Structure formats: structure tokens, C-alpha cells
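**Student:** I need the structure of the sequence given here:
(4 chains)
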There are 2 protein chains.
Amino acid sequence: MLLTVNMRDKRPIYKQIVGGIKNRILSGELKADEQIPSVRQLATDMNINPNTIAKAYAELERLGVVYSAMGRGYFVSPDISGAREEEKEEIRRALLLCAENAERCGVEKALVTEMALSAIDEAYEVYKDINERNGENDKNK
Amino acid sequence: MLLTVNMRDKRPIYKQIVGGIKNRILSGELKADEQIPSVRQLATDMNINPNTIAKAYAELERLGVVYSAMGRGYFVSPDISGAREEEKEEIRRALLLCAENAERCGVEKALVTEMALSAIDEAYEVYKDINERNGENDKNK
DNA sequence: ATAACTGTACTAACATTGATAATACAGTTA
DNA sequence: TAACTGTATTATCAATGTTAGTACAGTTAT
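**Tutor:** Model prediction:
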């Protein structure tokens, strides 16, 4: 299954689809010019109305991460550098919002810094797990 | 004016009110047992329907940052430690979301760290400006 | 050419949510 | 008693997300 809808996610379905596919493209999981499921195919797979998928795909095209070919389907855009930069900008903005919110609530700068560093550590901890697995074959020994 | 509605803010009005008042309380701007504007008073001031204010105040009470006294009005809660902790938890969660998003997009850990630190610097830069103003009376000399 | 796929566009219907409006009732205070 | 408080209820409206059905245009394989 390429994608699943998360009911606990507050975002609308089409936004979840946009986010899911955008992430798979920006992370390199989906390569340039690779075809993604057709509107009707993905709609059938996910048990979702085709219009919702079409709306998501239209936004992905607007973002420049996919392109459409009449009668053939949707494909991963060969140049996603613009979308990559925009994504970094979004992350920047989100981080700034967090920091401003912390400042507004009177949280000390040192504490926010510590919280941010530990959050980043936690998010990138997967690599640590992989290294641990490479270092030893057995979990216990 | 205690509060203003920001039309560019995507959050609904009542959420903006909740956020605005909660911040003023958690930052210490509004002291314990201090009275806040009545439902009808704030509704008149902000040109907003009283029901919207009432909804915001009800959520603020649920969050434990204000309490209501029948016939007298709303007041800042004397114990906001619980709300403070929850606020920190929210900041933590938001930071973790940012970090996970960055990781999912293939952004290097070092870059996210740099972005986070610079965002925190930017959010807390106000203090720097204040120090600069204390150090010299004139901008140019 | 035909069938079976693709994208694209449009209209209608429905549910949810945020906001407004108009009342009404209960408690407090001067 | 008058004028303020909070609280509750009901109705209406607008915006948004989703589903549904239909239609048309372009591509591909047979």
C-alpha cells in the first residue's frame, strides 16, 4: 500500500495525500520521471473518491513535485530542487513559530534549546539503531 | 486594546482569543486572580459575537488558566503550573514534529540543528535589541 | 478503429465547523 | 430595583471537505 489515511490526523484527506507523496518524493524514495498511481487507481486502492485524489494531485503539480501527461498519468518531476528549497523554508518557518511561541510563554532560551536538540536527536535516532545493528548481530550480546 | 483578530491567521477567532489570553497569562502579563474583560465587554470591544467569546472563555477555563464566578466575571487562575507544564509539552511535541518532518524530507541533521538554533536566536533577539539600546543613546553614534 | 485506460472539468448533494443572532435564565452588586 | 455578570439553547448562514455522477479529451494496446 502506497498510502493510508490516518483518521486521527486532523488534516483533510487530500492534504494527507499531498504530504505523504511529497515526502516520498523529497526523500528520494520516488525517483525522477517515475510514475505514480493514476487518479482512479489510487482512489480504488484507498477506497476514496477520485475527486479527492485529483485535488491532491493538482496541488502536488502546483507544488512542482509531479507533472501530468494527458492520457498517460502522473510522474515525479525531474527537477524538485525548488520544492526542496521551499520545504526547507517551511521547516524554518515552523521552527521559528515554535521558538516564538516558547518565548511568548516565558520559557527560558536555554530550555528551548535543550528541547530542540533533544527533539532532533529523537527524530534522527533511527540511524543510531541502524548503527547498533551493524555493530552487533545479536540484540542481547 | 487587549486583543485583536488577525485576519491572516488561519485559526478560527475563538482559537486566536484562547491563544492570546493564554499567552498573556503564562507569560505573567496577567497576574493571579486578576479580572479579565467580561464576555459581553470583550465582544463589544472586538466587534465579535458574544457567543464566540463565551466559547473561547469556556476553553480557557477547561485549560485551567482562568476561572469563572457567576455574576462577577472571569479571573486568572491562581495556579497555572499545570497549564505551564502542558504548554511546555506542546512546545516539545511541536519541535518533535518539525524534526521528524525534516528527517522525512532527507534534511541533514546538522542543517536542522543549525536552523533550530538560528530560529531560537531570532525569537529571543528582542533582548539583544534592548541591550543595544541600553548601551548607547543614539542609533548612529 | 475500438476498448480500456489516462487526465480534466463541472454540477449537485451532504456533513462538519465556525460564526452570528436572538432569547432566556440565574447570580452579583451598587 | 437596575445593571451588570455567566450560562444555555435554538436557528441561521458561510466555508470547507467529501462523495457522487457525468462528461469530454488524449494515449495506448489490441
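
**Student:** CA atoms for contacts and neighbours, from now on please.
**Tutor:** Fine.

**Student:** Strands of chain A, residue ranges please.
**Tutor:** A:35-36, A:66-69, A:73-76 (DSSP state E).

**Student:** Relative to residue A:83, which of those strands is closest?
**Tutor:** strand A:66-69 (10.3 Å; C-alpha to C-alpha).

**Student:** Quickly check: the closest one near DNA strand C or not.
**Tutor:** Yes - in terms of C-alpha under 7 Å from any atom of the strand, part of strand A:66-69 sits within range of DNA strand C, namely A:68, A:69.

**Student:** if you skip the residues just before and after it, what's nearest to the residue nearest the centre of chain A?
**Tutor:** Centre of chain A computed as the mean C-alpha position; nearest residue by C-alpha atoms, centre = their mean is residue A:23, 3.0 Å away. Spatial nearest neighbour of residue A:23, excluding adjacent residues (C-alpha to C-alpha, 6 or more residues apart in numbering or on different chains): residue B:105 at 5.7 Å.

**Student:** now the one you found: how far from residue A:15?
**Tutor:** With distances defined as C-alpha to C-alpha, to the nearest Å, the gap from residue B:105 to residue A:15 amounts to 16 Å.

**Student:** which one of the two has more residues nearby?
**Tutor:** Neighbour count, other C-alpha atoms under 10 Å in any protein chain shown: between residue B:105 and residue A:15, residue B:105 has more, with 21 against 17.

**Student:** from what I can see that one touches residue A:26, true?
**Tutor:** Yes - counting by C-alpha atoms under 8 Å, residue B:105 sits close enough to residue A:26 to count as a contact (5.4 Å).

**Student:** ok, residue A:39 touching residue A:53?
**Tutor:** Yes - proximity of residue A:39 to residue A:53 meets the contact threshold set by C-alpha under 8 Å, at 5.8 Å.

**Student:** what about residue A:84, how many neighbours?
**Tutor:** Other residues near residue A:84 number 20, with proximity taken as other C-alpha under 10 Å.

**Student:** residue contacts, the residue lying closest to residue A:54 once chain neighbours are set aside?
**Tutor:** With C-alpha to C-alpha, 6+ apart as the criterion, residue A:54 has its nearest non-adjacent residue at 5.9 Å, and that residue is residue A:39. Under the criterion of C-alpha atoms under 8 Å, 6 or more residues apart in numbering or on different chains, the contact partners of residue A:39 comprise A:50, A:53, A:54, A:57.
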